[in-house]
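K.L.:
this one's sequence-less:
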C-alpha cells in the first residue's frame, strides 16, 4: 500500500508553496511587501541626493563701485541660489555661517571696483562651510562658473577681447543633465530587493524554530538539502516579484530611461538574489531567535550600504579597501543595474560583472548548506 | 455574610473582545470565598483565562464589575496588584536570567525583604526541587521545571488572593502533589485561591468549583453537588468525570471513526521501535544513560518521569530530532542515523503545542504535510479528503490554523501526522491543556489505531492518560527504572499502607525507592 | 499606596542590565556595529574624490598634446588611462572602468599654433552624477592650469579681473570624515535608542513576561524608568566610545563644549528611547517593531538628518518631513560642536525641539503603558 517517494521535487514544491502562501495570505504581510518599499523608493529617491540647489549665499560687499554691483547682480540672477543675504558688518558672515543660514559667503574688499577698473586682479574671499564638505565643494564649482563668465564679459567690455585658446565642452553620456535621480533610482531598486530577500530568508528558519514547526520538518523524510532549497526558492520568487513591482513603479513614476535589455537585467538579478539568499540563509542558520536574525541582518547591511558604491564612490576609498568591496554582491549588481538602465550595457559587459556574483553565490550557498547540515545533525 | 468571608465579588460581569461576534463572558455573577481552593473549570474557550485576567485587572470588563477584597479591579488596579498573586498560563520567565535571578526579581517586585528572602527561597526551591539548578539559565530548564519556577515566582509575595491559570500543565505528579499541598496550606491561612484547570482529578479535589461553558456560568458549588445536580435529572449514579461530561452535553465515546476507516497494518517481523543502548551527553551532563527497549507492533508505549528526568531527550532521539552520543534508534528496522529518510517516512509526529503553520489555512496545512511526505496524485487527494471527513474539518477548511479552537487544532495536528499512514506515531504530551471532552475523543482514536497495528509512543504527565498505555517506561535521572504494564507497576508498590495504589502512587513510590537505593 | 518603590525599580533595573550583558546581539549593536561604522567612516568612505579613473583619448600625438597628457598624468585627482582608439575607450566608459574621457582632437596642436579657438571635449559618465561633476570640474582645472603654464613660458600674461580665493572654515582641507564621523554618532544613538528598545519591549510581550510582571505590584513609572535608564546608560557608553575614537584616533577636532554634547545626547537618546517604547508597546511583535523602527528611526537618521545628504536641496515636502524626526537637530548640534564650537543660535532651538519630541513620545509611552493587556 505504501507509496514510495518517487519524486524528490514534490516535497520541495510543497515547501515552496507553503512558504509563499505564508507570506501572501496574511493581509498585514502582503501590505508590508508592497507599501513600505514603494514609500521608501519615493522618499529616498528624492532625499538621497548629492545635488545641491536651493541654497543661500551671503555677500559682504565693502565696495560701492559698479563692478561689485555687477557681480552681486549676477549672483542674484543665478538659478543656483535661492536667497542672497547682504551683510553690513563683517561679523555677520561668522554669525550667518555659524547658524547655517548660508553655506557660503563672499567678501569683496573696499577697492574691488578700483582694482578691476584699473586692469588689475581683485581677489574675492569665498568662505565655505566645511561642516558640509561635499556641498560646499559643489557650490564653489557653481561660483567658479559665474566668475568665469564675469571675467570674460568684463574683459570684452574693456576691449581686451582675447579669446580663450581652449574651451572646454562637455557631454554627459547616459544622463545628459547629470541628474542625481538617474543614479539613485536604479540603485534603490537593487537595495530594496536586497533588503527583502535578506529579511525573508534570515527570519524564515528562526520563526519556524520559535513556533516549533521546524521540528516537524526535521522529523519528516525531507533531507537537509531539500529544506535548504525549499527555503531558498520562495525567497527568490518573492524578491524577484518585489523587484518587478519596483521596476514598474520606476517606469511609471520617474522619467528615467530604460535603455538596456530586460532579459539581461533579470538574468543578472537572479544571480544577485541567489547570492543574497545565501547570505540570508547563513545568518538564519547561526541565529537562534528572531531578534538575533533581525540584528544580524542589520550588522551585515550597514557595511554593505556604506561600502558598495552607493553612499560614496568606491574610487574615493583607500586602495587597500577597494578590493575588499568586491565581496559585497550588491557592488557588482549596482554597476549592472545602472548600466542596463542608463547605458544599454552589452551582454559581455554584464557577464563580466556577473561572474563575481556567481562566485559569491556559490560560496554563500555552500556555506549555508554546510551550516544547515551541521545544525540539523 | 461578613465582608471578611467574601473575597471576590463578581457582579453581572461581561466581556466582549473588539471584533468578536460572541461574548467571551456573558453576565457572570458569583462570590468566591477565601480560605479554600476554588476550581475554575470548563472546556476550551469557556472563558477561564479571560475571567482570571479580569480578576487581576489586566483586562477591562465590557460591563459589570469585580471586587477583590473590597478593591475594584478597574479603579484600584494598582492597589489590587499589591494583594494578588497571578500566574498566567504561559508564565513569563526571563530565559536569559538564572533560576535564582528570576526568583530575586519577583521577590523584589513583590516587596519581600532581604531578611525574609532566605527562608522563602528555601521553601520554594525545596518544593520545586530546583535547588541544584539555581545558577542554570531559565531558558535551559525543561518545560516542567519552567512551569514550576513560574509558579514559585508568583507565590513569592504573600498575596491575599492567588489566581492560578492552569498551573499544573506539564508538571510531573510528584511536584503536582507538593504544589497542591502548598497551595492548600496557603488556603488554610485564609488566602483566596482560584485554580483554573482542565484536569478533572484536580477539580474533584477542590472545595468548590466554578464551571464555565462558552462564556456562560453553569455551576458553582462543591464538586459533589455537581454530581447531585446531574443525578437529580433522573440519570443513573455517575462519577465526577461523567457528571462533568454530562452537564456539557454528553460523551463522544464509541468506535473511532478514524480507526474504522483505516486498513489494518500488515504484521511485520521487525519491531517498529528499537532503542539500543541510547546514551546522550550534553557536555559532562548525561541526560540519558544506556536506554534499551523494544516496542511491539500495535503497542501503546508511554514514557513517564518527573520533569527534567530525560524523557524528552529519549523521545527526541527515537524520532530523530537528536543524535544519540552512543547507541542506535531503529524505526521499523531502519536506523535513524544511516537511513534517516526511510525511517522518517514511517514516523508520524505530533508536537507538544500542535506545531501547525498558524498563518496557513487548514486546507493548506493538509496540503503541505501530505506534500512533504511525498504523497502524490489521487492517493494524496483521497487521504486528505478522508482526514477532513473523519475529523469533521469541513467548516474550518479556509480558516487559519492559528485561529482554530484548541480541540480542532489538536485534530488537525493529528490528521497532518497520519496522512502518510505511518507505522509509528510519536505523541509528545498530546493532550496538555485540552479539555476532558476532547481528550477522551483523542484517546478513542489512538486506541482504535493501535488495534489496527499502528505503534504509539507517548510522553505524558497525566495519570489518566498513562492508564491507556499498554506499557510504561518510568524514566528517572536519565535511566529507565521500570518498564511494565500499568497494572504491574501498581502491583510493584502494593503494601499494607497502600492496599489499592493508583498509578500516581506507583509513580511516586518507585521514584522514592530508587532514591533510597541510590543513597544506600 | 501609590508610591515609587526604589527596591522594585532597582530589581527590574538589574534584570534589564543582566539581559543586556548576556545577549550577544545587544553587544553587537551597541559596540561592534558602531566600531565598524566608525572605521568605515574614518578610513573607508569619503566623498573626496581621489584617483578617479579617467580616459584620455589622444587623436593628436604632437608634443603639445603630449604635454597636456603629462599635465593630466601629474595630478593626483585622476588615474589616467591614455588611449588612441575611440571605440575602445568608449567601451570602458560604458563598462564603468573610466568615469570620463577627455578628448584631444586631431587638429588640437595645429589650431593652437594658428591661434584658432580649439575645443576640448569631456565625455562624462552621467550614471554616477557626483563623480561626473567632479571629473568635469577638475578636468577644467587641469586644462586651465596647463594653458596658464604655456602662456607663462611663452607669450603674454593675461590679467583676470577677478580671482576667487577660497577659504574653508572649520575644515580647511575638506576632509569628509570631519563631517561623517560626528554625524554617524546620531545613527548609532538611534540604533541603540529606538531599534534595541523596540525589540526588547516587544520581546517581553511575545514571551509573556509582560503579563506576569504587570500583575505584580510594579508601578508603570518604575517599569518605564527601569527600561529607560539601562538603555540610556548603554547609549552613553557607546557615545563615549565614539567620541573618544573620533577625537583621538581619527583626529577630528572638538571645538564645542562637552557639557552641551552631554546634554544634547541625553535629550536625543530620550527621544529615541521614547519612540522605541511607543513602537514596541503599540505593535507587541518583534518583526513589525523592527520594521517600523527602521522606517521611522534608522532611515531618517541616515537620510533625513543632513548627515550625508544636504537637506536644503531636497523637495520641500521632504524638507518638511526632516523637521519631524529628531536626528536632524542632533546632527546639527553634533557637527557644530565638533567643528565650529558652541553656536547658541543653532543649538538652543535644536535642543528645545528635541526636548519637545522627547517629552511627547515619553508622554505617549507613559499613557500607552497602562497595566492592562488588551
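P.N.:
Here it is on my side, so go on. The structure presented is a predicted model; accordingly, all values stated were derived computationally and were not measured.
K.L.:
Contact partners for residue A:296?
P.N.:
Residues near residue A:296 by Cβ atoms under 8 Å, 6 or more residues apart in numbering or on different chains: A:202, A:283, A:286, A:287, C:25, C:28. Every residue, glycine included, has its C-beta placed from N, CA and C.
K.L.:
Any of these buried? List them.
P.N.:
The neighbour-count test (16 or more other Cβ atoms under 10 Å in any protein chain shown) marks A:202, A:283, A:287, C:25, C:28 as buried among the contacts of residue A:296.
K.L.:
The first one belongs to a helix?
P.N.:
Yes. Residue A:202: assigned to a helix according to DSSP: H, G, I helix; E, B strand; the rest coil.
K.L.:
quick one: contacts for it?
P.N.:
Applying Cβ under 8 Å, 6+ apart, we find residue A:202 in contact with A:280, A:281, A:283, A:284, A:287, A:293, A:294, A:296, A:297.
K.L.:
again with residue A:103
P.N.:
A:55, A:56, A:57, A:97, A:128, A:129, A:132, A:135, A:136, A:139, C:312.
K.L.:
show me where pLDDT drops low in the chain?
P.N.:
Because you didn't say which chain, this covers chain A. Scanning chain A for pLDDT under 70 picks out A:1-7, A:160-166, A:375-377.
K.L.:
that's the wrong chain, I meant chain B
P.N.:
Applying pLDDT under 70 to chain B flags residues B:1-5, B:232-238, B:249-255, B:518-520.
K.L.:
tell me the centre residue of it?
P.N.:
Residue closest to the mean C-alpha point of chain B, counted by Cα atoms, centre = their mean, is residue B:432 at 2.6 Å.
K.L.:
all helices of the stretch 251-400 of chain B, in order?
P.N.:
Per DSSP state H, counting those that start in this stretch, the stretch 251-400 of chain B carries helices over the ranges B:257-261, B:311-319, B:340-345, B:362-372, B:377-390.
K.L.:
Give me the packing partners of the fourth one, helices and strands only.
P.N.:
Meaning helix B:362-372. Contacts defined by 3 or more Cβ pairs under 8 Å, 6 or more residues apart in numbering or on different chains; DSSP states H and E place helix B:362-372 against helix A:9-25, helix B:377-390, helix B:406-418.
K.L.:
follow-up on the earlier one: just the ones in strands from the contacts of residue A:296, please.
P.N.:
Taking DSSP state E, every one of the contacts of residue A:296 sits outside strands.
K.L.:
SS state for the most centrally placed residue in chain A?
P.N.:
Centroid-nearest residue in chain A, with Cα atoms, centre = their mean: residue A:310, separated by 3.8 Å. Three-state call for residue A:310 (three-state DSSP): coil.
K.L.:
dump the residue contacts of it.
P.N.:
Residue A:310 touches A:187, A:191, A:330, A:334, counting by Cβ under 8 Å, 6+ apart.
K.L.:
Mind doing that once more with 6 Å?
P.N.:
Neighbouring residues of residue A:310 by Cβ atoms under 6 Å, 6 or more residues apart in numbering or on different chains: residue A:187.
K.L.:
and the gap between the closest residue to chain B within chain A and residue B:201?
P.N.:
Of all residues in chain A, residue A:14 sits closest to chain B, at 2.6 Å by Cβ to the nearest Cβ. Taking Cβ to Cβ, to the nearest Å as the measure, residue A:14 falls 42 Å from residue B:201.
K.L.:
Compare those two (neighbour count), which wins?
P.N.:
residue A:14 (21 against 15; other Cβ atoms under 10 Å in any protein chain shown).
K.L.:
how much space between the more buried one and residue A:30?
P.N.:
21 Å.
K.L.:
ok, now residue C:77?
P.N.:
Counting by Cβ to Cβ, the gap from residue C:77 to residue A:30 is 50 Å.
K.L.:
okay, those two: which has more neighbours?
P.N.:
Taking neighbours as other Cβ under 10 Å, residue C:77 and residue A:30 compare with residue C:77 leading, 19 against 12.
K.L.:
and the closest residue to the more buried one other than its chain neighbours, helix, strand or coil?
P.N.:
Nearest residue to residue C:77 in three dimensions, chain neighbours excluded: residue C:138, at 4.7 Å (Cβ to Cβ, 6 or more residues apart in numbering or on different chains). The local conformation at residue C:138, judged by three-state DSSP, is helix.
K.L.:
What number of neighbouring residues does residue C:138 come out with?
P.N.:
19.
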